[in-house]
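Visitor: The following comprises the amino acid sequence and a computationally predicted model.
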Amino acid sequence: MLHFTSAYHRRLTWSYFGLFIAIGMTGGLLGPALPHLAQASGSSMSQIAILFTARAVGNMSGAIVTGLLMDRFNGHRVLLMMGGLAVAGLAVAPLSPLLVLLTLLFMLLGFAEVSLNAGGNTLLLWLHRDAAGPNVSALHFCFSFGNMLTPLIMIAALSLTGQFQLTFWIVGLSLAAMLWPLSRFASPTMAAVDTSQDTLTHVKHRDPWLLGLFMLLFAVYVGIEITFAGWVTAYGTLSGLTNKQAALLATLFWLALSAGRLMAIPLLRICSPWQVLTGCLALGLSASAGLHAHWLPLSVGALLFGLSASAFFPTLFALCNQSIVMLGRTTGAIFTAAGCGALIIPSLTGPLLDIVGARAFPILLATLWLCIALGLCLLAFRLRQLANQQGL
């Protein structure tokens, strides 16, 4: 399904895939570990929830800093430095007896995690240039796969040793093992970009309005993904499901999202990014309408919503790579916007459910998808404007 122009491209790409499985494992730690961290630090669940905020703040600052570093220094050295910070944080965090220390450590982990994420995405784009689309989708599948592995590792660690700390150390060792191969490869660099009209298909622009539209779309999309994954269990409970049935909804969502990203790899070879994005949008609106009108069982709605969300981020990222000059700081700005969406939009969902009830959830999801539809229309309009200005 993936084609490589040389052995160097193949080996380095697979090294990035392995690294992103480990990054996904790191990102998937906080949820399963939260009750154990609360018990170890003597914190209530309301107090320990500050770790989500700390990680989000670390995410946003890490995206900005890494974007600047990638433009100035060897990309693999930047990844190795950030990976070292992550491994150190994973080693120490489960041993912390104080909530204040845990908060600082998870801010560090959030910083390092998104630095690896943004840096790895940037280097993959620089490695494959305009042919990066299927590889980006595969990269994000690896990240989702890593997310799914972490709860299984936690269950195994607790069953065998009764110690949740072992999960952090296994993830840390996995990350170190996946980082080591990068030291043997030359780091990709950004090619010199000619923004003149030498091609009709992939003219790249340096336009702040265009970048702003992409950032807005990434923020809203990530807000949808995190909102659904974080609140669908509560929505299921409010809708009358048992706790076990409601908990299954998030699992179904992540399974469908991972499967959809895998299917998007060949899909992006035969369809344009615009066609894939439109399909995701239509499926997301349909799933939201089905949940609101009670046409769909919640389990089917979770699966459809996972499919609708699956290919959106990597496809939009590939379209961004085709449309604008992707410097390290450009990728950093995109991941900062994504972090803002993950921080702001899910935080509005809880009060909305308290005030309006369960029926507000699918309406909120549909509204966010409509915002994305508007953003895609504005994006297409701006690209057409820029093409006309260049006489294409």
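Guide: The structure has been received and is ready for your questions.

Visitor: Poorly predicted segments of the protein, please.
Guide: By pLDDT under 70, the low-scoring segments of the chain are 1, 45, 191-203, 391-392.

Visitor: Secondary structure of Gly24: a strand, I assume?
Guide: No - in this structure, Gly24 is helix, not part of a strand, as judged by DSSP: H, G, I helix; E, B strand; the rest coil.

Visitor: Name the nearest residue to it, sequence neighbours excluded.
Guide: Spatially, and ignoring its direct neighbours in sequence, Gly24 is nearest to Gly146 (2.3 Å; C-beta to C-beta, 6 or more residues apart in numbering). In short, each C-beta sits where N, CA and C put it, glycine included.

Visitor: by contact count, what packs against the strand or helix carrying the one you found?
Guide: Element membership for Gly146, per DSSP states H and E: helix 133-160. Secondary-structure packing of helix 133-160 (3 or more C-beta pairs under 8 Å, 6 or more residues apart in numbering; DSSP states H and E): helix 7-27, helix 30-41, helix 99-128, helix 165-179, helix 243-270, helix 312-323.

Visitor: let's see it at 10 Å
Guide: Judged by 3 or more C-beta pairs under 10 Å, 6 or more residues apart in numbering; DSSP states H and E, the packing partners of helix 133-160 are helix 7-27, helix 30-41, helix 99-128, helix 165-179, helix 243-270, helix 273-292, helix 298-310, helix 312-323.

Visitor: wait, which of these is closest to Ala366?
Guide: In terms of C-beta to C-beta, the element of the helices and strands packed on helix 133-160 nearest to Ala366 is helix 273-292, at 3.8 Å.

Visitor: Mind listing what's buried along the closest one?
Guide: By 16 or more other C-beta atoms under 10 Å, the buried positions in helix 273-292 come out as 273, 276-277, 279-281, 283-292.

Visitor: Also stretch 33-40?
Guide: Buried residues in stretch 33-40 (16+ other C-beta under 10 Å): Ala33, Leu34, His36, Leu37, Ala38, Ala40.

Visitor: Check the offset of that stretch from the chain's centre.
Guide: 24 Å (C-alpha atoms, centre = their mean, to the nearest Å).

Visitor: Contacts for that stretch, please.
Guide: The contact list for stretch 33-40 (C-beta atoms under 10 Å, 6 or more residues apart in numbering) reads 29-30, 43-49, 51-52, 93-99, 102, 106, 150-151, 154, 158, 163-165, 167-168.

Visitor: can I get the CA coordinates of it in CSV?
Guide: C-alpha atoms of stretch 33-40 as CSV (Å, rounded to 0.1, in the frame of the first residue of the first chain):
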residue,chain,number,x,y,z
ALA,A,33,-3.5,5.7,35.2
LEU,A,34,-5.6,8.6,36.6
PRO,A,35,-7.2,6.6,39.5
HIS,A,36,-3.9,5.1,40.5
LEU,A,37,-2.1,8.5,40.4
ALA,A,38,-4.9,10.0,42.5
GLN,A,39,-4.5,7.3,45.1
ALA,A,40,-0.7,7.5,45.1
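
Visitor: what's the farthest-apart pair in the buried residues of stretch 33-40?
Guide: Taking C-beta to C-beta, the two most distant members of the buried residues of stretch 33-40 are Leu34 and Ala40; they sit 10.8 Å apart.

Visitor: before we move on, back to that, kindly reformat the helices and strands packed on helix 133-160 as a markdown table containing distance to Ala387.
Guide: Compiled in a markdown table, the helices and strands packed on helix 133-160 are given as follows (distance: least, C-beta to C-beta, whole Å):
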| stretch | distance to Ala387 |
| --- | --- |
| helix 7-27 | 30 |
| helix 30-41 | 43 |
| helix 99-128 | 22 |
| helix 165-179 | 41 |
| helix 243-270 | 22 |
| helix 273-292 | 14 |
| helix 298-310 | 29 |
| helix 312-323 | 10 |
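
Visitor: Would you mind telling me which of the ones you listed is nearest Val87?
Guide: helix 165-179 (4.7 Å).

Visitor: could you give the angle of the closest one to helix 7-27?
Guide: Helix 165-179 runs at 160 degrees relative to helix 7-27, counting by axes from the mean of the first three to the mean of the last three C-alpha atoms, to 10 degrees.

Visitor: which other helices and strands contact helix 165-179?
Guide: Using 3+ C-beta pairs under 10 Å, 6+ apart, helix 165-179 sits against helix 7-27, helix 30-41, helix 75-92, helix 99-128, helix 133-160.

Visitor: can you give me the angle the longest one makes with helix 312-323?
Guide: Same thing as helix 99-128. Using the same axes, to 10 degrees: helix 99-128 against helix 312-323 is 50 degrees.

Visitor: how's this protein carved up into domains?
Guide: Following automatic domain parsing, one gets these domains for the chain: 7-184, 208-389.

Visitor: for the ones you listed, which one sits closest to Met190?
Guide: The nearest among those, by C-beta to C-beta, is domain 7-184 at 5.1 Å.

Visitor: how long is that closest one end to end?
Guide: Distance between the two ends of domain 7-184: 14 Å, counting by C-alpha to C-alpha, to the nearest Å.

Visitor: With stretch 2-13 instead?
Guide: Using C-alpha to C-alpha, first and last residues of stretch 2-13 are 10 Å apart.

Visitor: buried ones in that stretch?
Guide: Those would be Leu2, Phe4, His9, Leu12, Thr13, for stretch 2-13 by 16+ other C-beta under 10 Å.

Visitor: show me the contacts for the fourth one.
Guide: Read that as Leu12. By C-beta under 10 Å, 6+ apart, Leu12 lies in contact with 4, 6, 76, 123-124, 127-128, 181-182, 184-188.

Visitor: Tell me which residues touch Ala247, please.
Guide: Val232, Thr233, Gly236, Thr237, Leu241.

Visitor: again with Leu125
Guide: Applying C-beta under 10 Å, 6+ apart to Leu125 gives the contacts 132-133, 135-136, 188, 190, 317-318, 320-321, 326, 330-331.
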